[in-house]
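Trainee: Quick one, what's the 3D model for this:
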Amino acid sequence: MVTNKVARKKTYVLDTNVLLTSPNVLEEIRNADIVLPSVVLQELDKLKVGRGDPETRYRGRVVTRALFELSEKGNLAEGVPLLGGSSLRVVEVNSGDADLPASIRSKNADDQVLGAAYNLSKDPERHVILRTNDLNMLLKAQSLGFEVERSAEIEVKSFWSAVSRRWNSQIFPVLVIVVMVILAGFMYALVDTIGDQQTTTVAGRGIAQADQTQQLIAQYEERIANNPQDIEALVEVGVLYQSQNRWTLAAESYERAVLLNPRDPDVRTFLAIAYFNSGSQSLAIDVLNQVLSEDFNYASAHYNLGSMYYHQGRVATEAQRETDANEFYLKAQKELNILIELEPDGDFTNDAKIQLEDLERQIQG
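Mentor: Numbering: from 1, shown residues only. Model (predicted):
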């Protein structure tokens, strides 16, 4: 196998699990050729009809949707340009190829991915890197002399922890319900005494609150089962899932509500936040931009879009990608300034000003 890597453009071969655990990997890899073996698409397709983990199925749908969008911009078999100077293409692999090492001639998915990497590595102008989070594949690849990288699962909860404190509370009555659930859990724990016995512990309060939320979820799920067109129930159960950081289930509920009422900017904003926190950041931003293309004065979309760009800038700064970070910061600055112009005394204005002060420091520093 050829291993000459001097002054050659990198070629990344991605395993299916990398796309599922790091949905933004196509954006993160810069100035490289990205290759998906065709078996990866087959595995993604199987997830749609499988009965496995719902979050994995959801991420599979997100990745498939992104690939469909890219296919509209060009031929995936020939290569489609991506942001950051990279390109993406899909390659076929004949697992029975006599040129492949005997250890990877089987028809299983792992060997087909390895076969694609092996065939590409025969080109002396390529620096081939295999990305996988599968230990067995990693060990097998290393035994064949491949360079291997892992992709850490994306963590985006920090965004919601920053935004949830100041998120739009004026739209749906379910937000009041969530607050009532929290208060009910607190009061349950505070006054649960027998005679002169002491109150329950903080852990008890949390359990009571969780039980109350689960009861509400069960009630809304029953409503939805009886009437799949019940938009109110779909949105409210989505908010309840969101309050538990169960972003995948929240997004699925919002998606169903949007299908029933595609023009509702509130639900689409909810959906964008769920997408962002489940790792589908580009999709979230696309949703908000679409909302603003239809109603530029919708303040919540400007605020959330600015907060998302701000978060992406912080991530890029931590990764020492200063050019990308500044690009995100400038976009965030633009959206937050528009918000302040639209609503000088709005619910989000003070928080937007705080973010803008930090953005000024980040841009100047």
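Trainee: How about the contacts made by Gln42?
Mentor: Residues near Gln42 by Cβ atoms under 8 Å, 6 or more residues apart in numbering: Ala109. Yep, even glycine has a C-beta here, placed from its N, CA and C like the rest.
Trainee: Within the helices and strands, which one has it?
Mentor: helix 38-47 (DSSP states H and E).
Trainee: Check Leu271 too.
Mentor: Taking DSSP H and E as the definition, Leu271 sits inside helix 265-277.
Trainee: tell me the mean pLDDT for that helix?
Mentor: Averaged over helix 265-277, pLDDT sits at 90.
Trainee: re earlier: list the buried residues for the helix holding Gln42?
Mentor: Within helix 38-47, the residues that count as buried by 16 or more other Cβ atoms under 10 Å are 38-41, 43-44, 47.
Trainee: list the helices and strands the helix holding Leu271 packs on?
Mentor: Applying 3 or more Cβ pairs under 8 Å, 6 or more residues apart in numbering; DSSP states H and E, one finds that helix 265-277 makes contact with helix 157-163, helix 231-243, helix 247-260, helix 281-294, helix 299-318.
Trainee: Distance to Ser151 and mean pLDDT for the ones you listed - can I get that in a markdown table?
Mentor: Output for those, formatted as a markdown table (distance: least, Cβ to Cβ, whole Å; pLDDT from 0 to 100):
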| stretch | distance to Ser151 | mean pLDDT |
| --- | --- | --- |
| helix 157-163 | 18 | 40 |
| helix 231-243 | 26 | 87 |
| helix 247-260 | 19 | 90 |
| helix 281-294 | 15 | 91 |
| helix 299-318 | 14 | 89 |
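Trainee: Next, format these as TSV and append distance to Glu78 and mean neighbour count.
Mentor: TSV is the format used below for these (distance: least, Cβ to Cβ, whole Å; neighbours: other Cβ atoms under 10 Å):
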stretch	distance to Glu78	mean neighbour count
helix 157-163	36	16
helix 231-243	39	23
helix 247-260	32	22
helix 281-294	22	19
helix 299-318	30	23
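Trainee: out of those helices, nearest to Lys331?
Mentor: Using Cβ to Cβ as the measure, helix 299-318 is the one of those that comes nearest Lys331, at 4.2 Å.
Trainee: Keeping just the C-alphas, turn that closest one into CSV.
Mentor: Extracted C-alpha coordinates of helix 299-318, given in CSV (Å, rounded to 0.1, in the frame of the first residue of the first chain):
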residue,chain,number,x,y,z
ALA,A,299,-37.6,38.6,16.4
SER,A,300,-37.3,35.1,18.0
ALA,A,301,-35.7,33.8,14.8
HIS,A,302,-33.1,36.6,14.7
TYR,A,303,-32.3,36.0,18.4
ASN,A,304,-31.9,32.2,18.1
LEU,A,305,-30.0,32.5,14.8
GLY,A,306,-27.6,35.0,16.4
SER,A,307,-27.1,32.7,19.4
MET,A,308,-26.4,29.7,17.2
TYR,A,309,-23.8,31.6,15.2
TYR,A,310,-22.3,32.8,18.5
HIS,A,311,-22.1,29.3,19.8
GLN,A,312,-20.4,28.1,16.6
GLY,A,313,-17.9,30.9,16.9
ARG,A,314,-17.0,29.8,20.4
VAL,A,315,-16.5,26.3,19.2
ALA,A,316,-14.3,27.4,16.3
THR,A,317,-12.3,29.6,18.7
GLU,A,318,-11.7,26.6,21.0
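Trainee: Fine by me, thanks again.
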